[in-house]
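Colleague: Any chance you can model this:
(4 chains, ligands or ions: 2)
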There are 2 protein chains.
Amino acid sequence: MKYQKIPEATIRRLSRYSRCLEEMDEKGEKVVSSAQLANKCIVNPAQVRKDLAYFGEFGIRGVGYYVKDLLNNIKKILGSDKEWRMALVGVGNLGSSLLAYKDFLKQNYTIVAAFDIDPPKVIGRVSEKLGKPVEVFHINRIKDVVKERKIEIGLITTPPSEAQGVADLLVEAEVRGILNFAPAQITVPEGFVVKDVFFTTILDNLAYLLSN
Amino acid sequence: MKYQKIPEATIRRLSRYSRCLEEMDEKGEKVVSSAQLANKCIVNPAQVRKDLAYFGEFGIRGVGYYVKDLLNNIKKILGSDKEWRMALVGVGNLGSSLLAYKDFLKQNYTIVAAFDIDPPKVIGRVSEKLGKPVEVFHINRIKDVVKERKIEIGLITTPPSEAQGVADLLVEAEVRGILNFAPAQITVPEGFVVKDVFFTTILDNLAYLLSN
DNA sequence: TCAATTTTGTGACTCCTTTCACAAATTTTG
DNA sequence: CAAAATTTGTGAAAGGAGTCACAAAATTGA
Ligand SMILES: NC(=O)c1ccc[n+]([C@@H]2O[C@H](COP(=O)([O-])OP(=O)(O)OC[C@H]3O[C@@H](n4cnc5c(N)ncnc54)[C@H](O)[C@@H]3O)[C@@H](O)[C@H]2O)c1
Ligand SMILES: NC(=O)c1ccc[n+]([C@@H]2O[C@H](COP(=O)([O-])OP(=O)(O)OC[C@H]3O[C@@H](n4cnc5c(N)ncnc54)[C@H](O)[C@@H]3O)[C@@H](O)[C@H]2O)c1
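Modeller: Numbering: from 1, shown residues only, chains lettered A, B, ... in the order given. Ligands and ions are numbered 1, 2, ... in the order given. Sure thing, here's the model as predicted:
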C-alpha cells in the first residue's frame, strides 16, 4: 500500500465505523464482514474495504475483521486512542450544556478548564453536574492555564462577534485544534485547524431538501 | 440553464454565502463580486459563480451581484425565506440550551413545541428565557401537537437509545425533516430526511488532523 | 486432500466536483 | 464613441471519490 492523500470523507466514515464497532463489541460480537459493517453504517461494502485499505490490511480473507482488533486500529488511525484535553470558552447556554455532557466522561475527550469574560460566571464557579467538576477561569488567564493543563483543543461557545478574538487567544496559547460553535467564519494560521459546527447551515440544508 | 443534479456541497456553500451576504448587507454594502464573496467564504471564485449558475443568472457582467438581491435569491433557493416550525424532543441539557437559543428568534427557524417523557420536566413547564415561551408536552401528545402546530422539523435531543423510537414517532406524525443530535444511526422511510449533528465525529476529525 | 465457499484487497472504471480559461456582457475612461 | 477594463457565465479539462468486478487468501466440508 503506497501513500495517498486520504479523503476527508474517509475520516468521517472511520468515526462512524468506530461507533458501530463499539456497539458490536459491547454486544460481544467477535467478527464482522465488510458487508455487515457497511450495512450497519449505510455505505457500500467496497467503500468500507477501501477506506480501511488506505491504512493497512486489517482483515482476513474468507473471514472478515476481528471487531476488537479493527476498533483498536481505527482508534489509532483517528488518534482517538489517546486522551484529548479540551478547554471551553464561553460558559453561556450552550457552553454550560457541553460542560454537563456526561458522555464526554465515557470518551477520550475531556474538558479540563473553562473560560468566560463575565465575572459572575467565573468567580469560584465549577460545573457541579459532573463527577469531576470543571473550573471556570477568567479569559485573561487562558495562556497560563492552557500551558499548565496541557490543553490541545479549544471549544468556542461565545457570541459570534467574539469568536475570532477568542480564536486568536487560543492560537497564541498554541492550542492547535479549535471546534467553533459560533456562526462566524474564523481564520487561523497554517498548522492550526478549525472545524465549525453551524446549526443554521444544517437547518438550511434540511430546509432545502424539504422544499425540493 | 438546463437541469442538473445539485451537489450537496453546493447547498452547504449557499448557506455560507447567505451568512456572509447578510453581514455585508448589514454593513450597507450594495454590490459584491464573486471574487470578494469567494474571498470572504474561503472558496474559489469560479466555484461561487458555478454554484449560483445552477439556479439562474443573478449577476451583471462587469459589475457583480447586488447584495440584497442575491441574498433574497439564495434564501428562496434554500427555502430559508419561509418560517420553519420545529419541535424539540428531549428537554435535557442540550435540549434546554437549544430552547434558550436566542438567535433562533432572529432567524426563520422557530421551536414551537417541546416534548419529554419525564413528568417533572413536562408539567406546566415552559422555557422562560425566551420572549415567547415554549410549552413542554408529554411525548405521548406528539401526534396531536405536531398537527395542531403545523410542525415540519423535529430536533432529537434524547439519549441515543431513544433516538430511533422518537424518530419513528416523528415519522408517524409526518414530520418530514429531522435534525438528530443523539449519537445513533437512525433510519427513516423514503421521503423523510435526517441530518445528524455528531459532536464526536467532528472531534474525531480534529483529533485525526492534529495527530497527522 | 481438494473442491466449494467465503470474503478480503485492489486495479479499472464511472461518476461527480472543482478549477481553468475565455467569450460575452457591461461599465469606465479618454 | 471607441478602446480598455471589469466581471459574469460556462464549456472543457483536471482531479477526486465511489463502485464494480475479480484474483488472492483463508476456511469449511466431504
Ligand atoms: N444556545 C444554543 O443552543 C446554540 C445553538 C447553536 C449555536 N449557538 C452559538 O453558540 C454561541 C453561544 O451561544 P449561547 O446561547 O450559549 O450564548 P450565551 O450568550 O448564553 O453565552 C455566551 C457566553 O460567552 C461569554 N463571552 C462573551 N465574550 C467572551 C469572551 N471574549 N471571552 C470569553 N467568554 C466570553 C459570555 O459571558 C457568555 O457566558 C453563540 O455563538 C451561538 O450563536 C448556540
Ligand atoms: N449535552 C450536550 O452538550 C451534548 C453534546 C453532544 C451530544 N449530545 C447528545 O444529545 C442527547 C441529549 O443529551 P443531554 O446531555 O441533553 O442528555 P439529558 O439526559 O440531559 O437529556 C435527555 C432528555 O431526553 C428525555 N427523554 C428520554 N427519553 C425520551 C423519550 N423517549 N421521549 C422524550 N424524551 C425523552 C429525558 O427525560 C431527558 O430530559 C444525547 O443523545 C447526547 O449524546 C449532548
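Colleague: I'd like to know which residues of chain A are adjacent to DNA strand D.
Modeller: Proximity of chain A to DNA strand D (Cβ under 7 Å from any atom of the strand) is limited to residues A:5, A:7-10, A:43-44, A:46-47, A:49-50, A:60-63. For glycine as for every other residue, the C-beta is placed from the backbone atoms N, C-alpha and C.
Colleague: I'd like to know which of the residues you listed are buried.
Modeller: Using 16 or more other Cβ atoms under 10 Å in any protein chain shown as the burial test, those include A:10, A:43, A:49 as buried.
Colleague: now the residues you listed as CSV including pLDDT and secondary structure?
Modeller: Formatted as CSV, those follow (pLDDT from 0 to 100; DSSP: H, G, I helix; E, B strand; the rest coil):
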residue, pLDDT, secondary structure
A:10, 97, helix
A:43, 96, coil
A:49, 98, helix
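Colleague: and which of these is nearest to DNA strand C?
Modeller: Taking Cβ to the nearest atom of the strand as the measure, DNA strand C lies nearest residue A:49 of those, at 3.9 Å.
Colleague: wait, what's in contact with that closest one?
Modeller: With contacts taken as Cβ atoms under 8 Å, 6 or more residues apart in numbering or on different chains, residue A:49 has the following neighbours: A:34, A:59.
Colleague: same thing but at 7 Å, please
Modeller: For residue A:49, the contacting residues are residue A:34, by Cβ atoms under 7 Å, 6 or more residues apart in numbering or on different chains.
Colleague: Also the one 5 residues further on?
Modeller: The neighbourhood of residue A:54, defined by Cβ under 7 Å, 6+ apart, consists of A:4, A:6, A:10.
Colleague: Among those residues, which one lies nearest to ligand 2?
Modeller: Distances from those to ligand 2 were compared by Cβ to the nearest ligand atom; the smallest belongs to residue A:10, at 23.2 Å.
Colleague: Give me the outermost residue of chain A relative to its centroid.
Modeller: Going by Cα atoms, centre = their mean, the residue of chain A most distant from its centre is residue A:62, 34.4 Å out.
Colleague: Distance of that one relative to residue A:192?
Modeller: For residue A:62, the distance to residue A:192 (Cβ to Cβ, to the nearest Å) stands at 45 Å.
Colleague: next one: residue A:48
Modeller: Distance, residue A:48 to residue A:192, using Cβ to Cβ: 32 Å.
Colleague: Show me which of these two is the more surrounded one.
Modeller: Regarding residue A:48 and residue A:192, a neighbour count based on other Cβ atoms under 10 Å in any protein chain shown identifies residue A:48 as having more, with 25 against 17.
Colleague: Check which helix or strand that one maps to.
Modeller: Residue A:48 is part of helix A:45-53 when elements are defined by DSSP states H and E.
Colleague: who does the next helix or strand after that helix pair up with?
Modeller: Later in the chain than helix A:45-53, the nearest helix or strand by DSSP H and E is strand A:65-66. Paired with strand A:65-66 in the same sheet, following DSSP bridges, are strand A:31-32 (antiparallel).
Colleague: I'd like the average pLDDT over the partner strand.
Modeller: Per-region confidence: strand A:31-32 scores 97 on mean pLDDT.
Colleague: Please save the CA atoms from the helix holding residue A:48 in CSV.
Modeller: Output of helix A:45-53 as CSV, limited to C-alpha atoms (Å, rounded to 0.1, in the frame of the first residue of the first chain):
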residue,chain,number,x,y,z
PRO,A,45,-19.1,-2.7,1.3
ALA,A,46,-16.3,-1.9,-1.1
GLN,A,47,-16.2,1.6,0.4
VAL,A,48,-15.5,0.1,3.8
ARG,A,49,-12.7,-2.1,2.5
LYS,A,50,-11.2,0.8,0.5
ASP,A,51,-11.4,3.2,3.5
LEU,A,52,-9.5,0.6,5.6
ALA,A,53,-7.0,-0.2,2.9
